[in-house]
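[1] here you go, sequence then predicted model.
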Amino acid sequence: MEKLSNDVLSIQVSAAGAELCSIQCNGKEYLWQADPAFWNRHSPVLFPIVGRVWDNTYRCEGETYSLGQHGFARDMEFQLVSITDNEVWYRLTDNEETHKKYPYNFCLEIGYRIEQKKIHVMWRVKNTGKGDMYFQIGAHPAFYFPGFDASTKERGYFGFDKKEGLEYILIGEKGCANTDVHYPLELKDGLLPMNTSTFDGDALILENGQVGEVALYDNSRKAVLRLLFDAPVVGLWSPPGKNAPFVCIEPWYGRCDRMNFDGEYKEKDWIQHLPENGTFDGGYVIEIME
């Protein structure tokens, strides 16, 4: 486990999945600490898919592959590449194991940099093979509900950098998206109230780059933290029916299959494309606002 810290902020990162495991600001923990009674992860990186593929299989270059939810990177050991006082980088490359699930040659680098009360989460995907490469990548950080009280229904608020016209879709059959029905995101005084039933239908998925900022507020409407990103999709999630003490804000360069999708992998919604020798740079920023 590697640790970066400054006068106010401290983070810990594991080479297992290159996963962010702790965010402490002025001694307070903000990142979910992976209690398996609710969810046994902190902030996994999703690669080379986000969510599920239909029937857990997909077709690529004339072959059919099996791949579980969110891909394989989160369950693999990364190599520590470099570390300084305020920045750390890890690397994962393709191997015999990944080729059984995903045919492309790749280099995935994940970095974290701290700056005052900000964590810069950086992803770099390189196509190291011949011909075109396709992939998805996404975030899944879980944050404690501020002032969580299991005996109450209220869970705080979400705020966005857009106040009107927002809409979302939901997960349907087999963990895949029902893209036929769009729901309006109903804000109250510019914020989305959260309660114990907000995620009864699973994740709320906002597509088409509707927002580039999601902030978490406590029940008094005080801003606690925010995520800044340019990803085209963001998922908002807490485990349905568990009254869990955390909520996830998930910027995605990708999304699960739409229900009944039977096309090629390269035809998936929100698929990312790299030409031979191409490089993708993405990521997001977490800012503590207290």
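    It's in. Numbering: from 1, shown residues only.
[2] residue contacts, the residue lying farthest from the centre of the chain?
    Residue farthest from the centre of the chain, counting by Cα atoms, centre = their mean, is G62 at 29.5 Å. Neighbour list for G62: empty [criterion: Cβ atoms under 8 Å, 6 or more residues apart in numbering]. In this view, the C-beta of every residue, glycine as well, is placed from N, C-alpha and C.
[3] against E109, how distant is it?
    From G62 across to E109, the span is 30 Å (Cβ to Cβ, to the nearest Å).
[4] what about the helices in this structure?
    For the chain, applying DSSP state H gives helices covering 96-99.
[5] need the distance between the two termini of stretch 49-66.
    The first and last residues of stretch 49-66 sit 12 Å apart, counting by Cα to Cα, to the nearest Å.
[6] my error: substitute stretch 271-288 in the last question.
    31 Å.
[7] report the mean confidence score over it.
    For stretch 271-288, mean pLDDT rounds to 98.
[8] okay, buried residues for it please.
    I271, Q272, L274, F280, G282, G283, Y284, V285, I286, E287, I288 (16 or more other Cβ atoms under 10 Å).
[9] reformat these as TSV; add distance to K162.
    Listed next are those as TSV, based on distance: Cβ to Cβ, whole Å:
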residue	distance to K162
I271	25
Q272	24
L274	30
F280	25
G282	21
G283	21
Y284	17
V285	18
I286	20
E287	18
I288	22
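[10] quick one: which of those sit in strands?
    The strands, defined by DSSP state E, take in Q272, L274, F280, G282, G283, Y284, V285, I286, E287, I288 from these.
[11] of those residues, which pair is most distant in space?
    Using Cβ to Cβ, the two most remote members of these are L274 and I288, lying 33.1 Å apart.
[12] contacting residues for F160?
    Residues counted as contacts of F160 (Cβ under 8 Å, 6+ apart) are L166, L187, L192, V211, E213, V214, A215.
[13] I'd say the last one and F143 touch.
    Read that as A215. No - taking Cβ atoms under 8 Å as the definition, A215 is not a contact partner of F143, at 10.9 Å.
[14] need the residues touching each of these two.
    V224, L225.
[15] what is the neighbour count of K268?
    Look at K268: counted by other Cβ atoms under 10 Å, it has 23 neighbours.
[16] what's the neighbour count on the nearest residue to it once chain neighbours are set aside?
    Nearest residue to K268 in three dimensions, chain neighbours excluded: D257, at 6.4 Å (Cβ to Cβ, 6 or more residues apart in numbering). Using other Cβ under 10 Å, D257 has 24 neighbouring residues.
[17] what about D257, distance to L67?
    Taken as Cβ to Cβ, the span from D257 to L67 is 11 Å.
[18] buried stuff in stretch 55-64?
    Buried residues in stretch 55-64, counted by 16+ other Cβ under 10 Å: Y58.
[19] equivalent analysis for stretch 203-220, please.
    Buried, per 16+ other Cβ under 10 Å, within stretch 203-220: 203-207, 210-219.
[20] from those, which is closest to R41?
    Of all the buried residues of stretch 203-220, R41 sits closest to A203, with 14.9 Å by Cβ to Cβ.
[21] find the nearest non-adjacent residue to the closest one, please.
    W237 is the one closest to A203 (Cβ to Cβ, 6+ apart), at 4.0 Å.
[22] quick one, grab the pLDDT at that neighbour.
    Looking at W237, its pLDDT is 98.
[23] before we move on, what about E61?
    pLDDT, E61: 88.
[24] one more: L206?
    Looking at L206, the pLDDT reads 98.
[25] what sits against the closest residue to G138 other than its chain neighbours?
    Leaving out its chain neighbours, the residue that sits closest to G138 by Cβ to Cβ, 6+ apart is W252, at 3.5 Å. Counting by Cβ under 8 Å, 6+ apart, W252 makes contact with L46, V50, Q136, I137, G138, A139, A231, P232, V233, V234, G235, W270.
[26] where's G263 relative to Y58, distance?
    From G263 across to Y58, the span is 9 Å (Cβ to Cβ).
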